[in-house]
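Peer 1: 3D model of this:
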Amino acid sequence: THIQNGSRYDTPGLLHEAPQAAGLDCRREWMVGVNEDEPLQAWYEATRSLLERHPQIDALLIHHAVVCGAVFSAAQDAGRCIGHDLAVVGSDDLIDTAWQRPGLTVIAEPVAVIAEALCDQALRGLQGRPSQVVTLESDLLIRGSSTLVQ
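Peer 2: Down below sits the predicted model:
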């Protein structure tokens, strides 16, 4: 398993520990950081290099679904077949993720609920009330990019 992460949301401890807690082999050298303001070519090159250096990787978690085209191309150019010998999962459900071929499996965040919670927290602060911890559930939308054939 590999985690690809943009620097803005860089939480390598969490992203490294959670897969290990689930019993997955997730090594720090498999974590690749690409700044989110970098061109798609940087995502392509980082992904292709990673897969060529570590052919045992069988899954990628990409933090920004907008880069999945570059990641898919890099994987294919590295000789991998997405959904067969390499699973790919994104962390946001953009309008086009279902239209990728294969469709990108995503962790879908409840954007409207998040916006409402943020507004509520802002109002609480303006009113001098303490903020609250808000826990929201995400949905895993399984599509063709993660249906590995054994």
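Peer 1: After the top helix by length along the chain, heading C-terminal, what element do we hit next?
Peer 2: With secondary structure taken from DSSP state H, the chain has its longest helix at helix 111-126. Tracing the chain C-terminally past helix 111-126 and defining elements by DSSP states H and E, one meets strand 139-141 next.
Peer 1: Run through the neighbouring helices and strands of that next one.
Peer 2: With contacts taken as 3 or more C-beta pairs under 8 Å, 6 or more residues apart in numbering; DSSP states H and E, strand 139-141 sits against strand 105-108. (C-beta placed from N, C-alpha, C; glycine too.)
Peer 1: Please enumerate the helices of the protein.
Peer 2: For the chain, applying DSSP H gives helices covering 12-21, 40-53, 68-77, 111-126.
Peer 1: And the longest one, how far out from the chain middle?
Peer 2: Relative to the centre of its chain, helix 111-126 is centred 24 Å away, using C-alpha atoms, centre = their mean, to the nearest Å.
Peer 1: Buried residues of that helix, list them for me.
Peer 2: Judged by neighbour count (16 or more other C-beta atoms under 10 Å), helix 111-126 contains no buried residues.
Peer 1: do stretch 92-107 as well
Peer 2: Going by 16+ other C-beta under 10 Å, stretch 92-107 has these buried residues: 92-94, 97, 100, 102-106.
Peer 1: And for stretch 62-74?
Peer 2: 62-65, 67-68, 70-72, 74.
Peer 1: With distance to residue 31 added, can I get the residues you listed in JSON lines?
Peer 2: JSON lines is the format used below for the buried residues of stretch 62-74 (distance: C-beta to C-beta, whole Å):
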{"residue": "62", "distance to residue 31": "12"}
{"residue": "63", "distance to residue 31": "11"}
{"residue": "64", "distance to residue 31": "15"}
{"residue": "65", "distance to residue 31": "18"}
{"residue": "67", "distance to residue 31": "15"}
{"residue": "68", "distance to residue 31": "18"}
{"residue": "70", "distance to residue 31": "18"}
{"residue": "71", "distance to residue 31": "14"}
{"residue": "72", "distance to residue 31": "20"}
{"residue": "74", "distance to residue 31": "16"}
